[in-house]
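>>> Following is a predicted model, sequence given first.
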Amino acid sequence: MCAGAVVMSAPTPTPQAHETHGASATVMSAPHPPPDPIAPALLSWREHSGRKDLPWQREPTPYRVWVSEIMLQQTQVAVVIPYFERFLARLPTVLDLAGIAEDELMALWSGLGYYARARHLHRAARQIRDQHGGIVPTQIESLLTLPGIGRSTAGAILSLALDQRHPILDGNVKRVLARVFGITGWPGQTAVSARLWTLAEQHTPETQVAAYNQGMMDLGATVCTRRAPACERCPLADRCVAHQTERQHELPTPRPRRPLPERRTLMLLIVDPAGEVLLQRRPGTGIWGGLWSLPELDPSADPSDWCLTRLGRLPRRVEMGLSRRHTFSHFQLMIDLAVVHLDAAATRAGDDPGLRWLGRQALADIGLPTPVKAILESHQQGLPQPSGDVQ
DNA sequence: AAACCGGGGTC
DNA sequence: GACCCAGGTTT
(Lines give C-alpha, C1' and ligand atoms only; values in the text may rest on other atoms or scores of the structure.)
Protein backbone atom coordinates (compact mmCIF):
# COMPACT_ATOMS: atom_id res chain seq x y z
CA MET A 1 0.00 0.00 0.00
CA CYS A 2 1.13 3.45 0.70
CA ALA A 3 4.19 3.04 2.81
CA GLY A 4 6.22 5.67 4.51
CA ALA A 5 6.04 9.37 4.63
CA VAL A 6 6.40 10.83 1.20
CA VAL A 7 7.92 14.23 1.47
CA MET A 8 9.05 15.84 -1.70
CA SER A 9 8.90 19.50 -2.43
CA ALA A 10 7.24 20.45 0.78
CA PRO A 11 7.68 24.10 1.71
CA THR A 12 9.57 23.20 4.87
CA PRO A 13 13.12 21.94 4.53
CA THR A 14 13.01 19.94 7.71
CA PRO A 15 12.19 16.27 7.29
CA GLN A 16 8.85 15.17 8.59
CA ALA A 17 9.45 13.89 12.04
CA HIS A 18 6.05 12.47 12.75
CA GLU A 19 5.49 9.08 11.26
CA THR A 20 1.76 8.89 11.23
CA HIS A 21 -0.17 5.72 11.44
CA GLY A 22 -1.19 3.56 8.54
CA ALA A 23 -1.88 5.03 5.16
CA SER A 24 -2.06 8.62 6.19
CA ALA A 25 1.32 9.63 4.89
CA THR A 26 1.83 13.30 5.44
CA VAL A 27 2.55 14.90 2.16
CA MET A 28 1.82 18.54 2.60
CA SER A 29 3.13 20.45 5.52
CA ALA A 30 1.51 23.51 6.96
CA PRO A 31 4.26 25.89 7.98
CA HIS A 32 1.86 28.64 8.91
CA PRO A 33 -1.37 27.43 10.40
CA PRO A 34 -4.03 30.07 9.98
CA PRO A 35 -4.71 32.31 12.98
CA ASP A 36 -8.42 31.60 12.75
CA PRO A 37 -8.91 28.12 11.36
CA ILE A 38 -12.22 27.26 9.83
CA ALA A 39 -11.79 23.51 10.16
CA PRO A 40 -13.32 23.07 13.66
CA ALA A 41 -16.58 24.79 12.79
CA LEU A 42 -16.71 23.08 9.45
CA LEU A 43 -16.05 19.63 10.82
CA SER A 44 -18.69 19.96 13.47
CA TRP A 45 -21.18 21.22 10.91
CA ARG A 46 -20.43 18.23 8.73
CA GLU A 47 -21.16 15.93 11.63
CA HIS A 48 -24.83 16.78 11.56
CA SER A 49 -25.39 18.32 8.14
CA GLY A 50 -22.91 16.79 5.73
CA ARG A 51 -23.62 14.17 3.11
CA LYS A 52 -22.10 11.01 4.44
CA ASP A 53 -23.75 8.08 2.75
CA LEU A 54 -23.04 8.63 -0.89
CA PRO A 55 -22.03 5.43 -2.72
CA TRP A 56 -18.40 6.41 -3.16
CA GLN A 57 -18.14 7.37 0.48
CA ARG A 58 -19.14 3.98 1.77
CA GLU A 59 -16.02 2.30 0.45
CA PRO A 60 -13.79 5.18 -0.54
CA THR A 61 -10.99 3.48 -2.42
CA PRO A 62 -8.85 5.66 -4.69
CA TYR A 63 -10.40 4.06 -7.75
CA ARG A 64 -13.97 4.64 -6.64
CA VAL A 65 -13.27 8.18 -5.50
CA TRP A 66 -11.52 8.89 -8.79
CA VAL A 67 -14.43 7.66 -10.88
CA SER A 68 -16.89 9.59 -8.74
CA GLU A 69 -14.86 12.79 -8.95
CA ILE A 70 -14.71 12.65 -12.72
CA MET A 71 -18.43 12.05 -12.92
CA LEU A 72 -19.15 14.80 -10.41
CA GLN A 73 -17.14 17.32 -12.37
CA GLN A 74 -19.86 17.37 -14.92
CA THR A 75 -23.06 16.18 -13.34
CA GLN A 76 -24.85 16.65 -10.08
CA VAL A 77 -24.91 14.09 -7.35
CA ALA A 78 -28.42 12.78 -7.85
CA VAL A 79 -27.77 12.02 -11.49
CA VAL A 80 -24.35 10.54 -10.88
CA ILE A 81 -25.43 7.96 -8.33
CA PRO A 82 -27.08 5.44 -10.66
CA TYR A 83 -24.32 5.86 -13.24
CA PHE A 84 -21.72 5.33 -10.60
CA GLU A 85 -23.39 2.16 -9.31
CA ARG A 86 -23.69 0.73 -12.79
CA PHE A 87 -20.15 1.69 -13.71
CA LEU A 88 -18.66 0.04 -10.65
CA ALA A 89 -20.78 -3.05 -10.96
CA ARG A 90 -19.43 -3.55 -14.45
CA LEU A 91 -15.89 -2.27 -13.78
CA PRO A 92 -15.08 -2.93 -10.14
CA THR A 93 -11.34 -2.36 -10.48
CA VAL A 94 -9.02 -0.15 -12.45
CA LEU A 95 -7.84 -3.23 -14.37
CA ASP A 96 -11.39 -3.89 -15.48
CA LEU A 97 -11.53 -0.34 -16.71
CA ALA A 98 -8.21 -0.69 -18.49
CA GLY A 99 -9.43 -3.82 -20.22
CA ILE A 100 -12.78 -2.69 -21.46
CA ALA A 101 -13.28 -1.82 -25.11
CA GLU A 102 -13.75 1.84 -25.80
CA ASP A 103 -17.16 1.24 -27.32
CA GLU A 104 -18.41 -0.50 -24.26
CA LEU A 105 -17.03 2.20 -22.03
CA MET A 106 -18.85 4.80 -24.04
CA ALA A 107 -22.03 2.79 -23.70
CA LEU A 108 -21.61 2.81 -19.92
CA TRP A 109 -20.90 6.52 -20.00
CA SER A 110 -23.68 7.28 -22.39
CA GLY A 111 -26.02 9.79 -20.85
CA LEU A 112 -23.33 11.52 -18.85
CA GLY A 113 -21.91 13.39 -21.81
CA TYR A 114 -18.41 14.79 -21.82
CA TYR A 115 -16.98 11.76 -23.55
CA ALA A 116 -13.51 13.24 -23.59
CA ARG A 117 -13.46 12.75 -19.84
CA ALA A 118 -14.41 9.12 -20.21
CA ARG A 119 -11.57 8.69 -22.68
CA HIS A 120 -9.16 10.32 -20.28
CA LEU A 121 -10.34 7.92 -17.60
CA HIS A 122 -9.76 5.04 -19.96
CA ARG A 123 -6.29 6.16 -20.99
CA ALA A 124 -5.36 6.78 -17.39
CA ALA A 125 -6.50 3.29 -16.39
CA ARG A 126 -4.30 1.77 -19.09
CA GLN A 127 -1.41 3.88 -17.94
CA ILE A 128 -1.97 2.62 -14.41
CA ARG A 129 -2.07 -0.94 -15.67
CA ASP A 130 1.10 -0.54 -17.72
CA GLN A 131 3.16 1.68 -15.47
CA HIS A 132 1.88 1.18 -11.95
CA GLY A 133 1.13 -2.50 -11.78
CA GLY A 134 -2.57 -1.91 -11.80
CA ILE A 135 -2.56 0.06 -8.56
CA VAL A 136 -3.86 3.61 -8.54
CA PRO A 137 -0.85 5.70 -7.53
CA THR A 138 -0.95 7.15 -4.04
CA GLN A 139 1.61 9.86 -4.59
CA ILE A 140 0.28 13.10 -5.90
CA GLU A 141 3.01 13.58 -8.50
CA SER A 142 2.19 10.23 -10.03
CA LEU A 143 -1.51 11.00 -10.10
CA LEU A 144 -0.84 14.31 -11.80
CA THR A 145 0.79 12.57 -14.75
CA LEU A 146 -2.46 10.82 -15.57
CA PRO A 147 -4.75 12.32 -18.18
CA GLY A 148 -7.79 14.05 -16.77
CA ILE A 149 -6.36 14.38 -13.28
CA GLY A 150 -5.28 17.84 -12.23
CA ARG A 151 -4.36 19.21 -8.86
CA SER A 152 -7.84 19.36 -7.42
CA THR A 153 -8.89 15.91 -8.54
CA ALA A 154 -5.62 14.42 -7.36
CA GLY A 155 -6.08 16.09 -3.99
CA ALA A 156 -9.62 14.80 -3.75
CA ILE A 157 -8.61 11.23 -4.51
CA LEU A 158 -5.80 11.12 -1.98
CA SER A 159 -7.61 13.01 0.75
CA LEU A 160 -11.01 11.39 0.48
CA ALA A 161 -9.69 7.88 0.00
CA LEU A 162 -6.55 7.89 2.11
CA ASP A 163 -6.91 10.92 4.34
CA GLN A 164 -3.70 12.30 2.94
CA ARG A 165 -3.33 15.96 3.61
CA HIS A 166 -3.99 17.69 0.30
CA PRO A 167 -6.18 20.68 -0.40
CA ILE A 168 -8.85 20.61 -3.03
CA LEU A 169 -10.22 23.53 -4.99
CA ASP A 170 -13.25 22.63 -6.98
CA GLY A 171 -15.99 25.09 -7.80
CA ASN A 172 -17.74 24.65 -4.46
CA VAL A 173 -14.60 25.17 -2.41
CA LYS A 174 -13.59 28.17 -4.48
CA ARG A 175 -16.93 29.78 -3.76
CA VAL A 176 -16.75 29.12 -0.03
CA LEU A 177 -13.20 30.43 0.29
CA ALA A 178 -13.78 33.48 -1.90
CA ARG A 179 -16.72 34.46 0.26
CA VAL A 180 -15.37 33.63 3.69
CA PHE A 181 -12.12 35.48 3.03
CA GLY A 182 -13.51 38.13 0.74
CA ILE A 183 -11.29 37.28 -2.19
CA THR A 184 -12.17 39.41 -5.15
CA GLY A 185 -11.17 38.81 -8.73
CA TRP A 186 -12.05 36.09 -11.16
CA PRO A 187 -10.68 32.72 -9.96
CA GLY A 188 -9.55 31.99 -13.49
CA GLN A 189 -6.82 34.55 -13.02
CA THR A 190 -3.55 33.06 -11.91
CA ALA A 191 -3.10 35.41 -8.97
CA VAL A 192 -6.61 34.84 -7.65
CA SER A 193 -6.32 31.11 -8.07
CA ALA A 194 -3.01 31.17 -6.24
CA ARG A 195 -4.56 32.99 -3.28
CA LEU A 196 -7.38 30.51 -3.11
CA TRP A 197 -5.00 27.57 -3.26
CA THR A 198 -2.94 29.08 -0.47
CA LEU A 199 -6.03 29.52 1.66
CA ALA A 200 -7.12 25.99 0.88
CA GLU A 201 -3.72 24.71 1.95
CA GLN A 202 -3.57 26.75 5.12
CA HIS A 203 -6.97 25.69 6.30
CA THR A 204 -6.68 22.01 5.54
CA PRO A 205 -6.37 20.42 8.96
CA GLU A 206 -3.70 17.94 9.94
CA THR A 207 -6.23 15.25 10.69
CA GLN A 208 -9.71 14.46 9.42
CA VAL A 209 -8.71 15.72 6.02
CA ALA A 210 -11.28 13.61 4.23
CA ALA A 211 -14.06 14.87 6.45
CA TYR A 212 -12.87 18.45 6.05
CA ASN A 213 -12.61 18.36 2.27
CA GLN A 214 -15.88 16.54 1.95
CA GLY A 215 -17.43 19.07 4.29
CA MET A 216 -16.19 22.00 2.26
CA MET A 217 -17.70 20.53 -0.87
CA ASP A 218 -20.95 19.80 0.95
CA LEU A 219 -21.12 23.31 2.30
CA GLY A 220 -20.62 24.80 -1.13
CA ALA A 221 -23.16 22.48 -2.67
CA THR A 222 -25.92 22.80 -0.10
CA VAL A 223 -25.48 26.06 1.84
CA CYS A 224 -23.01 28.38 0.18
CA THR A 225 -24.70 28.08 -3.16
CA ARG A 226 -24.03 30.34 -6.07
CA ARG A 227 -27.35 32.10 -5.82
CA ALA A 228 -29.33 32.62 -2.65
CA PRO A 229 -26.82 31.18 -0.17
CA ALA A 230 -28.37 30.05 3.13
CA CYS A 231 -26.10 32.06 5.37
CA GLU A 232 -28.34 31.50 8.38
CA ARG A 233 -27.40 27.83 8.23
CA CYS A 234 -23.71 28.40 7.59
CA PRO A 235 -21.19 27.45 10.26
CA LEU A 236 -18.78 30.06 8.94
CA ALA A 237 -21.15 32.99 8.67
CA ASP A 238 -19.81 34.65 11.83
CA ARG A 239 -16.45 35.15 10.16
CA CYS A 240 -17.51 35.37 6.55
CA VAL A 241 -16.35 38.60 4.93
CA ALA A 242 -18.95 38.35 2.20
CA HIS A 243 -21.73 37.79 4.71
CA GLN A 244 -20.63 40.66 6.91
CA THR A 245 -20.44 43.04 3.99
CA GLU A 246 -23.45 41.59 2.20
CA ARG A 247 -21.43 40.79 -0.86
CA GLN A 248 -22.35 37.12 -1.12
CA HIS A 249 -23.94 37.74 -4.47
CA GLU A 250 -20.83 39.31 -5.98
CA LEU A 251 -18.32 36.71 -4.84
CA PRO A 252 -16.62 34.92 -6.34
CA THR A 253 -16.12 37.50 -9.05
CA PRO A 254 -17.61 36.16 -12.26
CA ARG A 255 -15.54 35.69 -15.34
CA PRO A 256 -15.11 39.04 -17.01
CA ARG A 257 -17.31 39.30 -20.00
CA ARG A 258 -14.69 39.53 -22.63
CA PRO A 259 -15.33 42.33 -25.06
CA LEU A 260 -17.44 41.13 -27.87
CA PRO A 261 -15.65 40.78 -31.16
CA GLU A 262 -16.40 43.69 -33.43
CA ARG A 263 -17.44 43.47 -37.01
CA ARG A 264 -17.89 46.37 -39.30
CA THR A 265 -20.20 46.93 -42.18
CA LEU A 266 -21.15 49.77 -44.46
CA MET A 267 -24.84 50.34 -45.01
CA LEU A 268 -26.11 52.38 -47.89
CA LEU A 269 -29.06 54.66 -47.43
CA ILE A 270 -29.93 55.19 -51.06
CA VAL A 271 -32.69 57.70 -51.68
CA ASP A 272 -34.25 58.93 -54.88
CA PRO A 273 -35.80 62.37 -55.40
CA ALA A 274 -39.20 61.04 -54.34
CA GLY A 275 -37.77 60.00 -51.00
CA GLU A 276 -38.01 56.30 -51.65
CA VAL A 277 -35.34 54.12 -50.12
CA LEU A 278 -33.64 51.08 -51.59
CA LEU A 279 -33.78 47.91 -49.52
CA GLN A 280 -31.97 44.63 -49.99
CA ARG A 281 -33.14 41.25 -48.83
CA ARG A 282 -30.72 39.50 -46.48
CA PRO A 283 -29.71 35.87 -46.91
CA GLY A 284 -32.10 33.37 -45.39
CA THR A 285 -29.69 32.28 -42.69
CA GLY A 286 -27.56 34.24 -40.28
CA ILE A 287 -28.21 37.59 -38.72
CA TRP A 288 -31.58 39.01 -39.65
CA GLY A 289 -32.12 36.04 -41.91
CA GLY A 290 -34.58 36.84 -44.70
CA LEU A 291 -35.35 40.33 -43.47
CA TRP A 292 -35.24 43.36 -45.68
CA SER A 293 -32.46 45.69 -44.73
CA LEU A 294 -30.28 48.40 -46.18
CA PRO A 295 -27.78 47.27 -48.78
CA GLU A 296 -24.51 46.35 -47.14
CA LEU A 297 -20.99 46.28 -48.39
CA ASP A 298 -17.51 46.05 -47.08
CA PRO A 299 -16.51 49.35 -45.43
CA SER A 300 -13.58 49.61 -47.80
CA ALA A 301 -15.79 49.30 -50.86
CA ASP A 302 -16.98 52.27 -52.88
CA PRO A 303 -20.69 53.09 -52.73
CA SER A 304 -20.58 54.70 -56.18
CA ASP A 305 -19.19 51.54 -57.70
CA TRP A 306 -21.93 49.57 -56.04
CA CYS A 307 -24.60 51.85 -57.50
CA LEU A 308 -23.12 51.61 -60.95
CA THR A 309 -22.94 47.84 -60.80
CA ARG A 310 -26.27 47.10 -59.18
CA LEU A 311 -28.41 50.03 -60.35
CA GLY A 312 -26.77 51.02 -63.60
CA ARG A 313 -26.09 54.62 -62.69
CA LEU A 314 -23.75 56.73 -60.63
CA PRO A 315 -25.17 58.72 -57.72
CA ARG A 316 -25.38 62.48 -57.79
CA ARG A 317 -23.93 62.77 -54.34
CA VAL A 318 -22.59 60.50 -51.57
CA GLU A 319 -22.11 61.65 -47.99
CA MET A 320 -21.04 59.72 -44.95
CA GLY A 321 -23.59 59.48 -42.16
CA LEU A 322 -23.07 58.79 -38.49
CA SER A 323 -21.67 55.40 -37.58
CA ARG A 324 -23.54 53.48 -34.95
CA ARG A 325 -22.93 50.44 -32.82
CA HIS A 326 -25.31 47.53 -32.46
CA THR A 327 -24.71 44.77 -29.92
CA PHE A 328 -25.60 41.16 -30.52
CA SER A 329 -25.13 38.36 -28.03
CA HIS A 330 -21.91 37.25 -29.65
CA PHE A 331 -20.49 40.28 -31.40
CA GLN A 332 -20.80 43.98 -31.91
CA LEU A 333 -21.58 45.45 -35.23
CA MET A 334 -20.24 48.86 -36.15
CA ILE A 335 -22.44 50.22 -38.84
CA ASP A 336 -20.94 52.87 -41.04
CA LEU A 337 -23.47 54.73 -43.10
CA ALA A 338 -23.24 56.25 -46.53
CA VAL A 339 -26.16 58.40 -47.69
CA VAL A 340 -26.47 58.16 -51.43
CA HIS A 341 -28.59 60.54 -53.49
CA LEU A 342 -29.77 59.38 -56.87
CA ASP A 343 -31.06 61.72 -59.58
CA ALA A 344 -33.97 59.50 -60.43
CA ALA A 345 -35.47 56.28 -59.22
CA ALA A 346 -33.32 53.49 -60.51
CA THR A 347 -35.90 51.26 -62.02
CA ARG A 348 -33.34 48.63 -62.74
CA ALA A 349 -33.78 47.53 -59.18
CA GLY A 350 -36.88 45.84 -60.52
CA ASP A 351 -34.66 43.36 -62.32
CA ASP A 352 -33.17 42.20 -59.08
CA PRO A 353 -35.50 40.26 -56.76
CA GLY A 354 -33.14 41.03 -53.90
CA LEU A 355 -33.66 44.77 -54.21
CA ARG A 356 -36.71 46.89 -53.67
CA TRP A 357 -37.65 50.58 -53.49
CA LEU A 358 -39.96 51.55 -50.69
CA GLY A 359 -41.61 54.79 -49.68
CA ARG A 360 -42.04 56.03 -46.15
CA GLN A 361 -45.34 54.34 -45.45
CA ALA A 362 -44.20 51.00 -46.85
CA LEU A 363 -41.04 51.22 -44.78
CA ALA A 364 -43.10 51.62 -41.64
CA ASP A 365 -45.13 48.55 -42.44
CA ILE A 366 -42.27 46.20 -43.10
CA GLY A 367 -40.26 44.37 -40.47
CA LEU A 368 -36.83 45.95 -40.32
CA PRO A 369 -33.82 45.21 -38.16
CA THR A 370 -33.74 47.51 -35.17
CA PRO A 371 -30.64 49.50 -36.14
CA VAL A 372 -31.92 49.89 -39.68
CA LYS A 373 -35.15 51.27 -38.37
CA ALA A 374 -33.19 53.69 -36.21
CA ILE A 375 -31.14 54.83 -39.18
CA LEU A 376 -34.25 55.48 -41.24
CA GLU A 377 -35.94 57.34 -38.43
CA SER A 378 -33.00 59.60 -37.84
CA HIS A 379 -32.86 60.43 -41.52
CA GLN A 380 -36.46 61.28 -42.17
CA GLN A 381 -37.66 62.69 -38.88
CA GLY A 382 -39.43 59.54 -37.94
CA LEU A 383 -41.32 56.95 -39.87
CA PRO A 384 -45.08 57.26 -39.96
CA GLN A 385 -47.16 54.93 -37.87
CA PRO A 386 -47.77 51.58 -39.51
CA SER A 387 -50.94 51.58 -41.51
CA GLY A 388 -53.82 49.18 -40.88
CA ASP A 389 -54.66 47.57 -37.60
CA VAL A 390 -52.11 47.91 -34.90
CA GLN A 391 -52.58 46.44 -31.48
C1' DA B 1 -29.34 33.02 -23.26
C1' DA B 2 -25.67 33.03 -20.35
C1' DA B 3 -22.88 31.36 -16.50
C1' DC B 4 -20.38 27.63 -15.09
C1' DC B 5 -16.65 24.00 -14.93
C1' DG B 6 -11.37 21.32 -13.98
C1' DG B 7 -8.34 19.95 -17.20
C1' DG B 8 -5.93 20.43 -21.47
C1' DG B 9 -4.03 22.86 -25.32
C1' DT B 10 -1.93 26.84 -27.47
C1' DC B 11 0.86 30.77 -28.22
C1' DG C 1 1.82 32.07 -17.76
C1' DA C 2 -2.37 34.06 -19.78
C1' DC C 3 -5.91 32.78 -22.40
C1' DC C 4 -9.22 29.96 -24.62
C1' DC C 5 -11.71 25.78 -25.50
C1' DA C 6 -14.79 21.56 -25.22
C1' DG C 7 -19.17 20.03 -24.19
C1' DG C 8 -22.56 19.65 -21.54
C1' DT C 9 -26.02 21.52 -17.61
C1' DT C 10 -28.38 24.98 -14.69
C1' DT C 11 -30.52 29.35 -13.79
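Cool, the structure landed. Being a predicted model, the structure only gives us computed values, none of them experimental.
>>> residues contacting the residue in the stretch 1-150 of chain A that DNA strand B sits nearest to?
Of the stretch 1-150 of chain A, the residue with the smallest distance to DNA strand B, taken as C-beta to the nearest atom of the strand, is A:Gly150 at 2.3 Å. The way it works is simple: take the backbone N, C-alpha and C, and place the C-beta from them, glycine included. For A:Gly150, the set of contacting residues under the criterion of C-beta atoms under 8 Å, 6 or more residues apart in numbering consists of A:Leu144.
>>> Can you check the pLDDT for it?
Looking at A:Gly150, its pLDDT stands at 93.
>>> Also A:Pro35?
76.
>>> Okay, and A:Ile270 sits in which element?
A:Ile270 is located in strand A:262-271, with elements delineated by DSSP states H and E.
>>> tell me which residues of the host helix or strand of A:His243 are tucked away?
Here A:His243 is covered by helix A:241-244, with elements defined by DSSP H and E. Residues of helix A:241-244 classed as buried under the neighbour-count rule (16 or more other C-beta atoms under 10 Å) are A:241-243.
>>> Let me have those residues in TSV, adding pLDDT as columns.
Supplementary listing: those in TSV, determined by pLDDT from 0 to 100:
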residue	pLDDT
A:Val241	94
A:Ala242	94
A:His243	94
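>>> Relative to A:Ala156, which of those is nearest.
Within these, distances to A:Ala156 taken as C-beta to C-beta reach their minimum at A:Ala242, with 24.4 Å.
>>> Pull the contacting residues for the closest residue to the closest one other than its chain neighbours.
Leaving out its chain neighbours, the residue that sits closest to A:Ala242 by C-beta to C-beta, 6 or more residues apart in numbering is A:Arg179, at 3.7 Å. In this structure, A:Arg179 makes contact with A:224, A:229, A:240-243, A:247-248, A:251-252, judged by C-beta under 8 Å, 6+ apart.
>>> Out of those, which is nearest to DNA strand C?
Out of these, the member with the shortest distance to DNA strand C (by C-beta to the nearest atom of the strand) is A:Pro229, at 12.0 Å.
>>> Now do the closest one against DNA strand B, distance only.
In this view, A:Pro229 and DNA strand B are 13 Å apart by C-beta to the nearest atom of the strand, to the nearest Å.
>>> How about A:Glu232?
For A:Glu232, the distance to DNA strand B - C-beta to the nearest atom of the strand - is 22 Å.
>>> hang on, that residue in a strand?
No. Assigned with DSSP: H, G, I helix; E, B strand; the rest coil, A:Glu232 falls outside any strand and is helix.
>>> So A:Gly155 sits against A:Leu162, correct?
No. With the criterion set as C-beta atoms under 8 Å, A:Gly155 and A:Leu162 do not qualify as a contacting pair; they are 11.1 Å apart.
>>> which of the two has more neighbours?
Counting neighbours by other C-beta atoms under 10 Å for A:Gly155 and for A:Leu162 shows that A:Gly155 has the greater number, 31 against 23.
>>> In space, what's closest to that one - neighbours in sequence excluded?
Closest to A:Gly155 by C-beta to C-beta, 6+ apart is A:His166, at 3.6 Å.
>>> got the end-to-end distance for stretch A:160-173?
According to C-alpha to C-alpha, to the nearest Å, stretch A:160-173 extends 15 Å from its N-terminal end residue to its C-terminal end residue.
>>> can you tell me if it touches DNA strand C.
No. Residues of stretch A:160-173 contacting DNA strand C under C-beta under 7 Å from any atom of the strand: none, with a closest distance of 10.3 Å.
>>> Most widely separated two among the contacts of A:Arg179?
Largest separation among the contacts of A:Arg179 by C-beta to C-beta: A:His243 and A:Pro252, giving 14.1 Å.
>>> where along the stretch 251-391 of chain A do the helices fall?
If you assign secondary structure with DSSP state H, counting those that start in this stretch, the helices in the stretch 251-391 of chain A sit at A:303-311, A:360-365, A:370-379.
>>> just checking, what packs against the last one?
Think helix A:370-379. Helices and strands in packing contact with helix A:370-379 are listed as strand A:262-271, strand A:324-327, strand A:332-341; criterion 3 or more C-beta pairs under 8 Å, 6 or more residues apart in numbering; DSSP states H and E.
>>> could you check the angle helix A:303-311 makes with the first one?
What it means is strand A:262-271. With axes from the mean of the first three to the mean of the last three C-alpha atoms, to 10 degrees as the basis, strand A:262-271 and helix A:303-311 are set at 60 degrees to each other.
>>> Please point out which parts of strand A:262-271 sit buried.
When neighbours are counted by 16+ other C-beta under 10 Å, the buried residues of strand A:262-271 are found to be A:265-271.
>>> And the second one, by the same measure?
Of all the residues in strand A:324-327, those buried under the rule 16+ other C-beta under 10 Å are A:His326.
>>> The closest residue to DNA strand C within the stretch 51-200 of chain A: neighbouring residues, count only.
With C-beta to the nearest atom of the strand as the measure, the residue in the stretch 51-200 of chain A that lies nearest DNA strand C is A:Thr190; the distance is 2.5 Å. Other residues within reach of A:Thr190, judged by other C-beta under 10 Å, total 8.
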